[in-house]
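Give me a 3D structure for the following:
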Amino acid sequence: MKLNYFTKQLSTVKRWMATTLFCMLAIAFVWQGAFFSNTSAMADPAATLIASSDSGDRAQVKANRDAGRTKNFIDDTADKVKDAAKSNASKVDQATDDGSFIERKAKKDAATIQKRANEDASRTKEAVDNTKNVVERTVDNIKDAFGK
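Predicted coordinates for the structure are as follows:
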């Protein structure tokens, strides 16, 4: 019975020693990284700031260019939707010679589709502008933070 009690206590001591050793090694690795870090790369932080402001300008230019491209894409898509609505309405008009209910409905639907295409395009363009403005403000804030 004493042998079992002794091995149980020894096992507990081994666990505590292993945990302590692991923690000491972790502290030693962290400590070594703090004292032996390469500080020569931080000799002139001003050069880094100049590069970051240039990067900020490039990011703003890219945001403007991408927003313009996106707006062109939105316009093209809206035009295609409007053309499809006009085409469908004209096909219905050609298929029916008398001013039937179907013809009037097709023309009304085409007008609704064109109106909604314009509304959707303007909302999407506004969202693109808002996103572009957020990016530009963020870049300006970052440049101001590093500039001070």
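
Mind jotting down where the helices sit in the chain?
Remark: helices assigned in the chain by DSSP state H are 2-35, 45-95, 101-147.

Same list (those helices) but as JSON lines, adding mean neighbour count and mean pLDDT.
Just so you know, the C-beta spots here come from the backbone N, C-alpha and C atoms, and that holds for glycine as well. Converted to JSON lines, these look like this (neighbours: other Cβ atoms under 10 Å; pLDDT from 0 to 100):
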{"stretch": "helix 2-35", "mean neighbour count": "9", "mean pLDDT": "78"}
{"stretch": "helix 45-95", "mean neighbour count": "14", "mean pLDDT": "76"}
{"stretch": "helix 101-147", "mean neighbour count": "14", "mean pLDDT": "84"}
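
In this structure Asp93 contacts Ala110, no?
No: under the criterion of Cβ atoms under 8 Å, Asp93 makes no contact with Ala110, lying 9.7 Å away.

residues touching Asp93, list them.
Residues near Asp93 by Cβ atoms under 8 Å, 6 or more residues apart in numbering: 103, 106-107.

and of the residues you listed, the nearest to Leu25?
The closest of those to Leu25 turns out to be Ala106 (Cβ to Cβ; 78.3 Å).

residues contacting the closest one?
88-89, 92-93.

Against Phe146, how distant is it?
To Phe146, Ala106 is 59 Å away according to Cβ to Cβ, to the nearest Å.

Also Asn130?
Between Asn130 and Phe146 the computed distance is 25 Å (Cβ to Cβ).

again, but for Leu21
Using Cβ to Cβ, Leu21 is found at 43 Å from Phe146.

And Asp75, by the same measure?
From Asp75 to Phe146 the distance is 37 Å (Cβ to Cβ).

repeat for Ala63
From Ala63 across to Phe146, the span is 18 Å (Cβ to Cβ).
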